[in-house]
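1. how would this look folded up:
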Amino acid sequence: MISKKAKYALKALKVLAREYGKGPVLISQISERENIPKKFLEAILLDLRNSGILQSQKGKGGGYMLRMPPEEVTFSKVIRIIDGPISPTLCVSLYFYGKCDDCPVEEECTLRVVMQRWRDANLGVLDNATLVDLI
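-> Take a look at the predicted model:
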């Protein structure tokens, strides 16, 4: 399961995708539209800004907006930013690889083969789903 934080991130990005090219959107507007607690949303948007998906504008007329077109923002990118690895085990992770402590010879692990298929099936969906799919 994805975390509530990742779900809220996708919901917030849906609002920003709908408003793409129209200028910044206030945090309070996103919070109200998607029923996301404002303080929690602030932290989420900051993570997305720091990762390069969003840009912010301060002052009157300020807020957040997408830094790139909605079709370039995949679900997998957002989930990795918010939740970390998508793969079920670190030994098959594409971006967060880690050796399993309980596996003496990784290449002989039959569980790893299934975990790779699981990862690939999930990525087949998440890499091809973009913010455009939400709007």
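
2. residue boundaries of the helices in this structure?
-> 4-18, 27-34, 38-50, 75-83, 110-126 (DSSP state H).

3. Turn those into TSV, including mean neighbour count.
-> Heads up, the C-betas are built off the backbone N, CA and C, glycines and all. As requested, the helices of the chain are exported to TSV (neighbours: other CB atoms under 10 Å):
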stretch	mean neighbour count
helix 4-18	19
helix 27-34	16
helix 38-50	16
helix 75-83	20
helix 110-126	14
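
4. Compare the mean pLDDT across those helices and name the weakest.
-> With a mean of 88, helix 110-126 has the lowest mean pLDDT of the helices of the chain.

5. So for this structure, the centremost residue is which one?
-> The residue lying closest to the centre of the chain (CA atoms, centre = their mean) is residue 78, at 1.3 Å.

6. Could you double-check that that residue sits in contact with residue 52?
-> No. Between residue 78 and residue 52 there is no contact, the gap being 11.8 Å when judged by CB atoms under 8 Å.

7. Can you tell me how far residue 76 is from residue 8?
-> Look at residue 76 and residue 8: by CB to CB, to the nearest Å, they are 17 Å apart.

8. Next: residue 98.
-> As judged by CB to CB, residue 98 and residue 8 stand 27 Å apart.

9. Domains in this protein, by residue range?
-> Domain assignment for the chain, taken from automatic domain parsing, gives 4-66, 72-134.
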